[in-house]
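Visitor: structure for this input, please:
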Amino acid sequence: MAKPVLVVMAAGMGSRYGGLKQIDPVGPEGQIILDYSVYDAHRAGFERVVFIIRPELEQAFEQAIGRKARRFMQVDYAFQTLDNLPEGLRAPAGREKPLGTAHAVWCAKALTEGQPVAVINADDFYGADAFRKMYDYLSQAQDDDKFRYCMVGYQVENTLTENGTVSRGVCTVDADGLLDSIIERTAISRQPDGRIVYAADGGAPAGEIPAGTPVSLNLWGFTPSFLSTLDDGLRRFFAEKLPENPMKGEYYLPFAVDELIQAGRATAQVLTTTARWFGVTYQEDKPVVSAAIAQMTAQGEYPAGL
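Guide: Okay, the predicted model is just below:
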């Protein structure tokens, strides 16, 4: 079987951080969160990483991240642009915003043909356990009468910030540990009494999320079949959804997976982890992340000079 490849969605990094020079260092020697993800993936068995970036950032990205990653992995770049689309599709005139995470992964199709892929966000700290479970699954996963995908599910209480709200894909899981459905909830927060709640969103009322509920942080695992399904998925998105919001509508990875599950074409095994997520959603989060990484470094989980 082909070896799994790590695919990192990083096309939004430059826009969020105002250029790569502003990427927040969180480690003891100036490491960023992505350095730890690459290191953890390598330890789990991954030997190759494909970074999905904007083409104008290639040189800066290579200097800041790529050359360090090359110590551990084979590094390749895929480019997410508005004109990189299945044949016959055209982005709406005047559109500037990227077309979403599922389109980002489609942009890596040519570089990952025939290989299973693990997909991550560039700016989330996932923890070593998540990468081990993902690699182990992808190393033996094979499609049969259905596409056999997976995702790592984090306990919702381990994915919150004390400095504001977060958005998460809240999952329901069946008796076999397979993803039944995934609903994007915005504005999730922990209340003073410890309850975890989400705010009303459009016509959807506010509600509570029980502790222990699995949520998605966009750590997905796919057999080689998935990237081919995105051709049709993108065509449907362009025909049915994009016209409703041509300047800002996005084709998201969870939507693409859910579409296949609801059509009976795929399953997604939910790999559970007790790992805690870290991310700099708000500037106030940075000291918390730095302190956690300093503690893990002191405990020997990571070398100081990673």
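
Visitor: how close does the closest residue in space to I188 that isn't next to it in sequence get to K248?
Guide: Nearest non-adjacent residue to I188, counting by Cβ to Cβ, 6 or more residues apart in numbering: Y198, 4.7 Å away. (C-beta placed from N, C-alpha, C; glycine too.) According to Cβ to Cβ, to the nearest Å, Y198 and K248 sit 22 Å apart.

Visitor: got it, and E113?
Guide: In terms of Cβ to Cβ, E113 sits 31 Å off from K248.

Visitor: which residues of the chain score low on pLDDT?
Guide: Applying pLDDT under 70 to the chain flags the ranges 22.

Visitor: how many other residues sit next to T223?
Guide: 21 (other Cβ atoms under 10 Å).

Visitor: so it touches D144, yeah?
Guide: No: if you go by Cβ atoms under 8 Å, T223 and D144 don't touch, sitting 10.3 Å apart.

Visitor: of Y198 and K248, which one has the most company?
Guide: Shown here are Y198 and K248; by other Cβ under 10 Å, Y198 has more neighbours (24 against 10).

Visitor: my guess is the more buried one contacts I209, does it?
Guide: Yes: under the criterion of Cβ under 8 Å, Y198 makes contact with I209 at 6.4 Å.

Visitor: hey, which strand is longest across the chain?
Guide: The longest strand of the chain (DSSP state E) is strand 179-190.

Visitor: return the distance of that strand from the chain's centre.
Guide: The chain centroid and the centroid of strand 179-190 are separated by 15 Å, computed with Cα atoms, centre = their mean, to the nearest Å.

Visitor: ditto for stretch 77-87
Guide: Relative to where its chain is centred, stretch 77-87 has its mean C-alpha point 18 Å off (Cα atoms, centre = their mean).

Visitor: end-to-end on it?
Guide: 21 Å (Cα to Cα, to the nearest Å).

Visitor: repeat for stretch 255-269
Guide: 16 Å.

Visitor: quick one: residues in contact with that stretch.
Guide: 102, 137, 146-151, 177-182, 220, 229-230, 233, 236 (Cβ atoms under 8 Å, 6 or more residues apart in numbering).

Visitor: the stretch 201-306 of the chain: helices as residue ranges?
Guide: 225-236, 253-262, 286-298 (DSSP state H, counting those that start in this stretch).

Visitor: can those go into a markdown table with extra columns for distance to G127 and mean neighbour count?
Guide: Listed next are the helices of the stretch 201-306 of the chain as a markdown table, based on distance: least, Cβ to Cβ, whole Å; neighbours: other Cβ atoms under 10 Å:
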| stretch | distance to G127 | mean neighbour count |
| --- | --- | --- |
| helix 225-236 | 24 | 18 |
| helix 253-262 | 20 | 20 |
| helix 286-298 | 9 | 15 |
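
Visitor: I'd like those as a markdown table, with distance to V280 appended.
Guide: Formatted as a markdown table, the helices of the stretch 201-306 of the chain follow (distance: least, Cβ to Cβ, whole Å):
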| stretch | distance to V280 |
| --- | --- |
| helix 225-236 | 29 |
| helix 253-262 | 21 |
| helix 286-298 | 5 |
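
Visitor: what segments of the stretch 51-200 of the chain are helices?
Guide: 58-61, 67-69, 101-106, 128-140.

Visitor: closest to L82 out of those helices?
Guide: helix 101-106 (9.2 Å; Cβ to Cβ).

Visitor: most packed of the helices of the stretch 51-200 of the chain?
Guide: helix 101-106 (a mean of 26; mean count of other Cβ atoms under 10 Å).

Visitor: what does it contact?
Guide: 7, 9, 11, 52, 80, 85-86, 98, 117, 119, 218, 226-227, 230-231, 233-234, 237, 250-253, 255-256.

Visitor: please repeat the previous calculation with a cut-off of 7 Å.
Guide: 7, 9, 11, 52, 80, 119, 218, 227, 230, 233-234, 251-253, 255-256 (Cβ atoms under 7 Å, 6 or more residues apart in numbering).

Visitor: how many neighbours does the nearest residue to G279 once chain neighbours are set aside have?
Guide: The shortest distance from G279 to any non-neighbouring residue, by Cβ to Cβ, 6+ apart, is to D124 (4.9 Å). Residues within reach of D124, counting by other Cβ under 10 Å, total 21.

Visitor: hang on, D124 packs against L217?
Guide: Yes: using Cβ atoms under 7 Å, D124 is in contact with L217, at 5.5 Å.

Visitor: need the overlap of contacts for the two.
Guide: In contact with both D124 and L217: W277, using Cβ under 7 Å, 6+ apart.

Visitor: need the contact list for M134.
Guide: M134 neighbours (Cβ under 7 Å, 6+ apart): A118, V152, L219, G221, L271.

Visitor: swap in D129?
Guide: T273, A275.

Visitor: gap between it and E208?
Guide: 27 Å.
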